[in-house]
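Asks: need a 3D model of the following:
(chains A and B)
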Protein chains: 2
Amino acid sequence: MMLEMKTTKFLEELSSKAPVPGGGGASAAVGAFGAALGMMVANLTVGKKKYAAVEEEILAAREELERLRDRLVTLTDRDAQAFEPLSRAYGLPKNTEEEKAAREKIMESALYEASVVPMEIMETVLSSMDLLETLGEKGSRLALSDVGVGILFAQAALEGASLNVFINTRLMKDRSQAEELNARADRMIAEGREKKERIYSQVLQSVK
Amino acid sequence: MMLEMKTTKFLEELSSKAPVPGGGGASAAVGAFGAALGMMVANLTVGKKKYAAVEEEILAAREELERLRDRLVTLTDRDAQAFEPLSRAYGLPKNTEEEKAAREKIMESALYEASVVPMEIMETVLSSMDLLETLGEKGSRLALSDVGVGILFAQAALEGASLNVFINTRLMKDRSQAEELNARADRMIAEGREKKERIYSQVLQSVK
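Replies: Now for the predicted structure:
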């Protein structure tokens, strides 16, 4: 697993010209950092008398964030795996019409697979934003800045993953499928920006 | 060193209620991810005939990004170290007037130290943004989306670190020092947002 590497080693791999990890996998990792910060806020809230009334809700948020964090860790690998077929497709021969047609078909399916993973990263990150919002409203006031950092990371991960949707959909021949994927990504970006603005401005008001 | 941990282990530590790593150290780490993506773009550019004319400039950017990336890795630790004196200051007795005065003096200096580190994270990230801009303009077109992801990470790291300046400056008694630090942080946020908007919109135009 990629994120089983030391972070310094992951940074070396990310810095290299090797195709993976790239921006997609790194976005999943940054999304996991955001979810982890949400868990930290939950952990600083539970067991405190002052927050006893919301304890159940915070515990549920923590559990869900853990699931999302771990899914994002897995998605770092899945993003790398989805790149392999695409890389192989680029290498296929295109000398005859038959070869060209075969290559195009395989390429199309590889591009689809390579856009689906960053799309799933986006969905997962978007879910984590809802939980960060709950923690911003009901979690420990002492950890509010960490909700803010978490939502900034989530926003960056969301848009970072979206770029990795777009670089694949733009090469697809099936434009209706490409545009459907783009439209879904655009909706998630818009939703994410709105959430981020709302949560971040609340945090900033209390922190600054 | 914190980032010598496996990333999954770092994520566990970040998720826990332990005071470090927190949002400040995580921001330095995400800033390092952004710098690493810039290095990746540089590495995908150098040695290519098409980019021979900018080779020297790209090599210089890569070298500088490596320095910034490694400094951000170190700043993750320095952020944790700066928290210790603050944590100790909170624990000091405040029974007598003398104790109160002594505690306040130590607290004030600990708060200053704890704001200076995220400020340095901000400065380092801001420098990485300039190099990402160079790579966005002159680096390999094939890696443009990674410049975009890098600038998103840098922006999140910059603002994430700023929250960790503000939570410390707001507790300072010396308001003129606190406000000077806040003003510097605000200037860096404004500068970073402008850079991010400019670079990101260029990337999006080419990628989408």
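
Asks: all helices for chain A, in order.
Replies: All helices of chain A, identified by DSSP state H, fall at A:7-15, A:23-45, A:55-90, A:97-138, A:144-169, A:175-207.

Asks: can you lay out the ones you listed as CSV showing mean pLDDT and distance to chain B?
Replies: C-beta: built from backbone N, CA, C; applies to glycine. Output for those, formatted as CSV (pLDDT from 0 to 100; distance: least, CB to the nearest CB, whole Å):
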stretch, mean pLDDT, distance to chain B
helix A:7-15, 97, 4
helix A:23-45, 98, 4
helix A:55-90, 96, 6
helix A:97-138, 97, 10
helix A:144-169, 98, 3
helix A:175-207, 97, 5
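
Asks: can you redo the ones you listed as JSON lines with distance to residue B:157 and mean neighbour count?
Replies: Converted to JSON lines, the helices of chain A look like this (distance: least, CB to CB, whole Å; neighbours: other CB atoms under 10 Å in any protein chain shown):
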{"stretch": "helix A:7-15", "distance to residue B:157": "13", "mean neighbour count": "21"}
{"stretch": "helix A:23-45", "distance to residue B:157": "9", "mean neighbour count": "30"}
{"stretch": "helix A:55-90", "distance to residue B:157": "18", "mean neighbour count": "19"}
{"stretch": "helix A:97-138", "distance to residue B:157": "17", "mean neighbour count": "20"}
{"stretch": "helix A:144-169", "distance to residue B:157": "8", "mean neighbour count": "29"}
{"stretch": "helix A:175-207", "distance to residue B:157": "14", "mean neighbour count": "16"}
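
Asks: tell me which of the ones you listed sits nearest to residue B:6.
Replies: Closest approach to residue B:6 among the helices of chain A is made by helix A:7-15 (7.4 Å; CB to CB).

Asks: residue A:55: what's it in contact with?
Replies: A:45, A:46, A:47 (CB atoms under 8 Å, 6 or more residues apart in numbering or on different chains).

Asks: select, out of the helices of chain A, the one closest to residue B:24.
Replies: Closest among the helices of chain A, using CB to CB: helix A:144-169, at 8.0 Å.

Asks: name the helices or strands packed onto the closest one?
Replies: Using 3 or more CB pairs under 8 Å, 6 or more residues apart in numbering or on different chains; DSSP states H and E, the elements in contact with helix A:144-169 are helix A:23-45, helix A:55-90, helix A:97-138, helix A:175-207, helix B:23-45, helix B:144-169, helix B:175-207.

Asks: between it and helix A:55-90, how many degrees?
Replies: If you take axes from the mean of the first three to the mean of the last three CA atoms, to 10 degrees, helix A:144-169 sits at 30 degrees to helix A:55-90.

Asks: just how off-centre is helix A:144-169 within its chain?
Replies: Put simply, helix A:144-169 sits 6 Å off its chain's centre (CA atoms, centre = their mean, to the nearest Å).

Asks: re the thing from before, want to throw the contacts of residue A:55 into JSON lines with distance to residue B:156?
Replies: Output for these, formatted as JSON lines (distance: CB to CB, whole Å):
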{"residue": "A:45", "distance to residue B:156": "23"}
{"residue": "A:46", "distance to residue B:156": "27"}
{"residue": "A:47", "distance to residue B:156": "30"}
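
Asks: looking at those, which is nearest residue B:120?
Replies: Of the contacts of residue A:55, the one sitting nearest to residue B:120 (CB to CB) turns out to be residue A:45, at 29.9 Å.

Asks: so who does the closest one touch?
Replies: So residue A:45 contacts A:51, A:54, A:55, A:58, A:135, A:138, A:139, A:140, A:143 (CB under 8 Å, 6+ apart).

Asks: kindly recompute the last result at 7 Å.
Replies: The contact partners of residue A:45, by CB atoms under 7 Å, 6 or more residues apart in numbering or on different chains, come to A:51, A:58, A:139, A:140.

Asks: report the central residue of chain A.
Replies: What sits nearest the mean C-alpha location of chain A, by CA atoms, centre = their mean, is residue A:121, with 3.6 Å.

Asks: most surrounded residue in the contacts of residue A:45?
Replies: Counting neighbours by other CB atoms under 10 Å in any protein chain shown, residue A:139 comes out on top of those with 29 neighbours.

Asks: I'd say that residue and residue A:39 touch.
Replies: No: the pair residue A:139 and residue A:39 fails to qualify as a contact (CB atoms under 7 Å) at a distance of 10.7 Å.

Asks: before we move on, the earlier item: for the residue lying closest to the residue nearest to the centre of chain A once chain neighbours are set aside, what are its contacts?
Replies: Excluding the flanking residues, the one nearest residue A:121 by CB to CB, 6 or more residues apart in numbering or on different chains is residue A:161, at 4.0 Å. Shown in contact with residue A:161 (CB under 7 Å, 6+ apart): A:24, A:27, A:118, A:121, A:122, A:125.

Asks: go with 8 Å
Replies: Residue A:161 touches A:24, A:27, A:28, A:31, A:118, A:119, A:121, A:122, A:125, counting by CB under 8 Å, 6+ apart.

Asks: on that earlier part again, tell me the one of the contacts of residue A:55 nearest residue B:65?
Replies: Distances from residue B:65 to those, taken by CB to CB, are shortest for residue A:45, at 38.0 Å.

Asks: and the gap between that closest one and residue B:102?
Replies: The gap separating residue A:45 from residue B:102 is 32 Å, by CB to CB, to the nearest Å.

Asks: cool, residue A:191 as well?
Replies: Residue A:191 is 51 Å from residue B:102, by CB to CB.

Asks: gap between stretch A:90-103 and the chain center?
Replies: Counting by CA atoms, centre = their mean, stretch A:90-103 comes out at 34 Å from the chain centroid.
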